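need coordinates for the below:
(one chain, ligands or ions: 1)
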Amino acid sequence: MKTKDKYIGVGDIAVSQLAKKYVNQVLSSRRITYGPFADSFEKEFAKLHDLKYAIFCNSGTSALQVALHALKREYKWNDGDEVLVPALTFVATVNIIIQNNLTPIFIDVDPDFFDIDPTMIEKKITKRTRAIIPVHIGGLPCDMDPIISLARKHSLRIIEDSCETILARYKGKSVGSFGDFGCFSTYAAHTLVTGVGGFICTNDPKLATLAKSLVNHGRDGIYISIDDDNVSSKKKLFSIVDKRFNFVDVGYSYRATEFEAALGLAQIRELKENVKKRRENAAYLFKGLSDLQEFLQFPKERKEAIHTYMFFPIIVRDGVSREDLVYFLEERKIETRFLLPLLSQPVYRSIFGDLESKYPVATHLSHSGFYVGCHPGLTKKNLDTIIHIFHQYFTSRKKRK
Ligand SMILES: Cc1ncc(COP(=O)(O)O)c(C=O)c1O
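Numbering: from 1, shown residues only. Below you'll find the predicted structure:
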């Protein structure tokens, strides 16, 4: 994300008066690790997503890492067991599988919606398949019904990677509430921004306790709430204090601070408005660019889902050079990002060899796709500028021919 004001960026952070007040309250309280702001942020985030437990941690990657670790431990999987993952996602979704000593098995994606193609899943399931990680790309919930039926049929656990998708619904049900775990990110340029941050969410009390423990060095799960030591009985208090330094797992130090929570809590109050504005901006861009459909493919909305547009993805059609177009936009101060190049990463090439020839749709999208912003910080003038510069590019291209 460019910091210069003149850039039309892919993301933004709204620092309201409320956010400043909350951050100052943290400073005055001198309680900067887990405290009342994190506690309220977790409760409000869980409620908004119809979930029982939301554990705030330091990133979406940490959330995914802990969720998979918890399932591996709970269901006694072996090293090398397989986890299904889309062939188009951010590297973190795959890295956490490798870091848990499990094997990622890639599934090609849908050419219109850019997410896991349910029709490609079953043929990849083996005796060693344990879980599936559908990734809700850029604000759009995956087609969850067929994924859930396959998971049930083959006894697979589900972790939703919802790092790019907050407050979206599929058939009326919130993202993050379909699987054993739903993981979210509040990193810069996401929908709700706290700098770094993430949520591990679940409806299962046992998994919630385990995840909270893993985030906290594997500390004994009895100490999972800041109010746990507000007890009247001295005996109970001693037992809690004792357990606080009792470690039952090889855990991580993935805690976030009160500063991130304060920023998040201030924004969560405006989250519905934030998403509404994103949807309006996406509709405006779509309308303004729709006459360029012979050159560009635009995002589709599933009729059974609410898209929350973390960004506005665009795929160039055959004959259009993505690099040339992106360069033209960047030169005119419109920030872009390539659409999640995964299979071509040197690290995966060195581990798995050539993946690109096996996943044609993901390969095509990651070579032809990019995105621009559609966040609430964009003005009508910014959106008009984006639309105008796209038209300028295709007009100058026609002239060059
Ligand atoms: C699909 C996806 N998964 C996981 C992550 C990781 O989140 P974080 O950057 O908070 O670790 C991201 C981050 O952008 C993402 O896009």
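
report the contact partners of the closest residue to the ligand within the chain.
Residue nearest to the ligand within the chain (Cβ to the nearest ligand atom): Gly60, separated by 2.7 Å. C-beta here means a position set from N, CA and C on the backbone, and glycine is covered the same way. Gly60 makes contact with Ala92, Asp161, Cys163, Cys183, Phe184, Ser185, Thr186, Tyr187, Gly198, according to Cβ atoms under 8 Å, 6 or more residues apart in numbering.

tell me the helix or strand right after whatever helix or strand Gln25 lives in.
Using DSSP states H and E, the element containing Gln25 is helix 17-29. Per DSSP H and E, the first helix or strand lying C-terminal to helix 17-29 is helix 36-48.

now what about the following helix or strand past that next one, what contacts it?
Sequence order places strand 53-57 as the next helix or strand after helix 36-48, per DSSP H and E. In this structure, residues lying in contact with strand 53-57 by Cβ under 8 Å, 6+ apart are 38, 41-43, 45-46, 63, 66, 197-205, 208, 211-212, 215, 254-256, 260-261, 264.

among these, which ones are in helices?
Per DSSP state H, helices hold the following members of the contacts of strand 53-57: 38, 41-43, 45-46, 63, 66, 205, 208, 211-212, 215, 260-261, 264.

ok, of these, which come out buried?
Neighbour counting by 16 or more other Cβ atoms under 10 Å classes 38, 41-42, 45-46, 63, 66, 208, 211-212, 215, 260-261, 264 among the ones in helices among the contacts of strand 53-57 as buried.

report the two of the residues you listed separated the most.
Ala208 and Glu260 (20.0 Å; Cβ to Cβ).

OK, contacts around Asn100?
Gln65, Leu68, His69, Lys72 are the contacts of Asn100 under Cβ under 8 Å, 6+ apart.

tell me which parts of the chain are close to the ligand?
Contact residues, the chain versus the ligand (Cβ under 6 Å from any ligand atom): 59-61, 89-90, 92-93, 135, 161, 163-164, 185, 187, 198.

in three-state terms, label the nearest residue to Asp12 once chain neighbours are set aside for me.
Among residues not flanking Asp12 along the chain, Gly377 sits closest, at 3.3 Å (Cβ to Cβ, 6 or more residues apart in numbering). Here Gly377 takes the coil state, with states given by DSSP: H, G, I helix; E, B strand; the rest coil.

show me what contacts Gly377?
Gly9, Asp12, Ala14.

the last one contacts Leu378, correct?
This means Ala14. No: assessed by Cβ atoms under 8 Å, Ala14 is found out of contact with Leu378, at 11.7 Å.

same drill for these two, tell me which one is more crowded.
Leu378 (22 against 15; other Cβ atoms under 10 Å).

of the contacts of Asn100, which belong to helices?
Checking the contacts of Asn100 against DSSP H, those in helices are Gln65, Leu68, His69, Lys72.

does the last one touch Gln99 like I think?
What it means is Lys72. No: with contact defined as Cβ under 8 Å, Lys72 does not count as touching Gln99 (11.0 Å).

so where's the stretch 1-150 of the chain shaky on pLDDT?
1-5 (pLDDT under 70).

ok, 80 please
1-6, 14 (pLDDT under 80).

quick one, which of Lys72 and Gln99 is more surrounded?
Lys72 (20 against 14).

show me what contacts the more buried one?
For Lys72, the contacting residues are Asp81, Asn100, Leu102, Arg130, by Cβ under 8 Å, 6+ apart.

wait, is the last one part of a helix?
This means Arg130. No: checked against three-state DSSP, Arg130 lies outside a helix; its state is strand.

residues contacting it?
Leu71, Lys72, Tyr75, Trp77, Asp81, Glu82, Val83, Leu102, Leu156, Arg157.

show me which residues of stretch 285-298 are buried.
Leu285, Gly288, Leu289, Leu292, Phe295, Leu296, Gln297, Phe298.

show only the entries of these found in helices.
Among the buried residues of stretch 285-298, the members falling in helices (DSSP H) are Leu285, Gly288, Leu289.

tell me the one of those residues nearest Asp384?
Closest to Asp384, out of all of these and judged by Cβ to Cβ, is Gly288, at 7.4 Å.

what about the residue nearest to that closest one when sequence neighbours are not counted, helix or strand, and which?
Of all residues not flanking Gly288 in the chain, Ile387 sits nearest, at 3.5 Å (Cβ to Cβ, 6+ apart). According to DSSP H and E, Ile387 maps onto helix 380-400.

got a list of what the nearest residue to Pro360 once chain neighbours are set aside touches?
Spatial nearest neighbour of Pro360, excluding adjacent residues (Cβ to Cβ, 6+ apart): Asp108 at 7.0 Å. Applying Cβ under 8 Å, 6+ apart to Asp108 gives the contacts Pro86, Ala87, Asp117, Met120, Tyr359, Pro360, Val361, Ala362.

cool, and Gly11?
Met1, Ala188, Ala189, His190, Val193, Phe311, Gly373, His375.

looking at those residues, which is nearest Lys21?
Out of those, the member with the shortest distance to Lys21 (by Cβ to Cβ) is Val193, at 17.5 Å.

doesn't Ile166 make contact with that closest one?
No: with contact defined as Cβ under 8 Å, Val193 does not reach Ile166; the gap is 10.4 Å.
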